[in-house]
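*Asks:* sequence and predicted structure are below.
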Amino acid sequence: MNELQLLGPRATGDSLGTAVLKATAEDFQVDEVLDIPLAGDGEHLWLWVEKRELNTEEAARRLARAAGVPLRAISYAGLKDRQALTRQWFSLHLPGKGEPDLAAAQDANLRVLQATRHRRKLQRGAHSANGFSLRLTSLAADPAAIEQRLRWIQQHGVPNYFGAQRFGHDGGNLAQARHYAQSGRLPEQRNLRSRILSAARSYLFNRVLAERVAQGTWNQARPGDVLAFTDSRSFFCAGEAECSDPRLDALDLHPTGPLSGRGVSPAGGETLSLEQEIEAGEVTLCRWLSEAGLDHERRILRLPIRSLSWHYPEPDILQLDFILPTGCFATAVVRELFDLVQAG
């Protein structure tokens, strides 16, 4: 499947041109933002780790081997890309143990930048945001048009699509999800199970969001919408009064779309009709997600971008710096600007 089928239309119109992203790992840098004060003592060792061209699970295996602990003793807040330079937190459960020698885990691709004790383990989703520094190289686009679009994005945000990487090469993760859904089964391997369930849910969400973008309502609240704040998992239904809440214009409050699972959508009106229409066309996937034990959840349709700045280190290189909520994709921002091409 192509990207348009997996995601949907751009909110800002046609691509402005082409660029290369990730010509090197340093072109795509991510830093977890963690707002947890560490105690300095306790049976959990928290590590601030820099890694390049390693995914999070590979880094966790390295740390476990070097520390002489089982993999289940390693925790991390979120998954980070392999083809990138990332800095993220891990925690090791070391009850009654001293400081491990982690030298065997470290090389040019992995460095432990900080080690601090804490009384609790690191939970999934514990970080508050991710900071991105992206270098788009071999840029072929008009700088004036780029400036205009970036200022629009700064003010309005972008559609909060799940990125194409969620679906695997040529949509392979979604194809696997459909295969298992047709047979009513789940794979035994936990990582594969998690990956294809996420791909199916993400695809259904993107379908709803794509329709809202086409309608021009992805960044507007309408009666029947389910609203949520940027960093909150709670939500509430919108009536006429809620649709004029000034926090919508401030990009603090947003309409949401469904993450399919057990339970009934709390939406109403046109929003519910759209969600039901998408589900009616994907009955097998929706039933499979429900039978897998996933509960219906919500995700904001609009992605606000904090601290967005940009400059040109070279005439054909654009550097973007910004902060996104957890679980959101930097490629959703880049996609509103350019078509990405392979390094020549």
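*Replies:* Thanks, I have it.
*Asks:* C-alpha from now on. contacts and neighbour counts both.
*Replies:* Noted.
*Asks:* where is the longest helix in this structure?
*Replies:* Using DSSP state H, we find that the single longest helix of the chain is helix 190-215.
*Asks:* list the helices and strands the following helix or strand past that helix packs on?
*Replies:* Using DSSP states H and E, the helix or strand that follows helix 190-215 towards the C-terminus is strand 226-229. Judged by 3 or more CA pairs under 8 Å, 6 or more residues apart in numbering; DSSP states H and E, strand 226-229 is in contact with strand 236-237, strand 253-259, strand 297-300.
*Asks:* what number of residues lie near Q342?
*Replies:* Using other CA atoms under 10 Å, Q342 has 11 neighbouring residues.
*Asks:* tell me the predicted confidence for T271.
*Replies:* At T271, the pLDDT value in this model is 97.
*Asks:* do E242 as well
*Replies:* E242 is assigned a predicted lDDT (pLDDT) of 94.
*Asks:* show me what contacts it?
*Replies:* When contacts are counted by CA atoms under 8 Å, 6 or more residues apart in numbering, E242 is found next to A221.
*Asks:* can you count the residues close to A241?
*Replies:* As a burial measure, A241 scores 9 neighbours (other CA under 10 Å).
*Asks:* my bad, should have said Q319
*Replies:* 17.
*Asks:* so it sits right up against V334, yeah?
*Replies:* No - between Q319 and V334 there is no contact under CA atoms under 8 Å: 11.0 Å.
*Asks:* identify the bridge partners of the residue nearest to I74 when sequence neighbours are not counted.
*Replies:* Closest residue to I74 apart from its sequence neighbours, by CA to CA, 6 or more residues apart in numbering: L92 at 4.8 Å. As for beta bridges, L92 partners with L45, I74 under DSSP bridges.
*Asks:* pLDDT score for Q154?
*Replies:* Model confidence at Q154, given as pLDDT, is 97.
*Asks:* against L92, how distant is it?
*Replies:* 38 Å (CA to CA, to the nearest Å).
*Asks:* ditto for D31
*Replies:* Taking CA to CA as the measure, D31 falls 20 Å from L92.
*Asks:* these two - which one has more neighbours?
*Replies:* With neighbours defined as other CA under 10 Å, D31 and L92 compare such that L92 has more, 27 against 19.
*Asks:* check the gap between the more buried one and R212 for me.
*Replies:* Distance, L92 to R212, using CA to CA: 43 Å.
*Asks:* got it, and G269?
*Replies:* For G269, the distance to R212 equals 14 Å [CA to CA].
*Asks:* mind checking which of those two has more residues around it?
*Replies:* Per other CA under 10 Å, whichever of G269 and R212 has more neighbours is R212, with 22 against 11.
*Asks:* how close does that one get to P9?
*Replies:* Counting by CA to CA, the gap from R212 to P9 is 10 Å.
*Asks:* again, but for Q123
*Replies:* From Q123 to P9 the distance is 35 Å (CA to CA).
*Asks:* and S183, by the same measure?
*Replies:* As judged by CA to CA, S183 and P9 stand 32 Å apart.
*Asks:* just want to know which of those two has more residues nearby.
*Replies:* A count of neighbours by other CA under 10 Å puts P9 above the other of S183 and P9, at 19 against 10.
*Asks:* any chance you could map the helices in the protein?
*Replies:* Using DSSP H, helices in the chain cover 3-6, 56-67, 143-156, 172-183, 190-215, 246-249, 269-280, 283-291, 330-335.
*Asks:* can those go into JSON lines with extra columns for distance to G239?
*Replies:* Below are the helices of the chain laid out as JSON lines (distance: least, CA to CA, whole Å):
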{"stretch": "helix 3-6", "distance to G239": "31"}
{"stretch": "helix 56-67", "distance to G239": "42"}
{"stretch": "helix 143-156", "distance to G239": "22"}
{"stretch": "helix 172-183", "distance to G239": "35"}
{"stretch": "helix 190-215", "distance to G239": "18"}
{"stretch": "helix 246-249", "distance to G239": "14"}
{"stretch": "helix 269-280", "distance to G239": "10"}
{"stretch": "helix 283-291", "distance to G239": "28"}
{"stretch": "helix 330-335", "distance to G239": "29"}
